[in-house]
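In: Got a predicted structure here, sequence first:
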Amino acid sequence: MSQSLPMNQPLRLVAISGSLRLASSNTTVLHALQAIAPASVIVSLYDGLGNLPYFNPDLDGETDTPPPPVGQLRTQIGQADGLLISSPEYAHGVPGVLKNALDWLVSSLEFPRKPVALLNIYPVQPLSTRRSAKRSPRCPRP
């Protein structure tokens, strides 16, 4: 990190899941990180990703007040020491809702120079499923 924290201050991290699914593996991982974090680390899950309006630079000028969900996101990021993002990959990129949030953040004063950790997970197939898949006949390639 570019700035050092006083020893008696906890490290405050905002965690964002790039998935809106209720049963998201990415959100589950962030909840697990929140549960196992040491007392000196506070992990806050941002849950407003689906409430952000589509990015529109006309709503984000120097004299404009951003839409309330955007202001809430920026405030939460501004108060954090770092950012955790756990996101699935969609079409060789990030989901649109995450890209939208990043679009709102890059022009703000809260996000630049903020340390970011990216997590990418994928479910592992149970061993029994992998074994049966090896035994199943494969379709020949044309």
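Out: Sure, I can see it.
In: Can you give me the neighbour number for the residue lying closest to Pro53 once chain neighbours are set aside?
Out: Spatially, and ignoring its direct neighbours in sequence, Pro53 is nearest to Pro67 (5.2 Å; Cβ to Cβ, 6 or more residues apart in numbering). Just so you know, the C-beta spots here come from the backbone N, C-alpha and C atoms, and that holds for glycine as well. Per other Cβ atoms under 10 Å, the neighbour tally for Pro67 reads 16.
In: Next up, the contacts around Pro67.
Out: Pro67 sits next to 52-53, 59 when contact means Cβ atoms under 8 Å, 6 or more residues apart in numbering.
In: Can you list which of those residues are found in strands?
Out: When these are checked against strands (DSSP state E), there are no matches.
In: State the distance from the residue nearest to Pro53 to Val97.
Out: Distance, Pro67 to Val97, using Cβ to Cβ, to the nearest Å: 15 Å.
In: Could you do Ser25 as well?
Out: Ser25 is 16 Å from Val97, by Cβ to Cβ.
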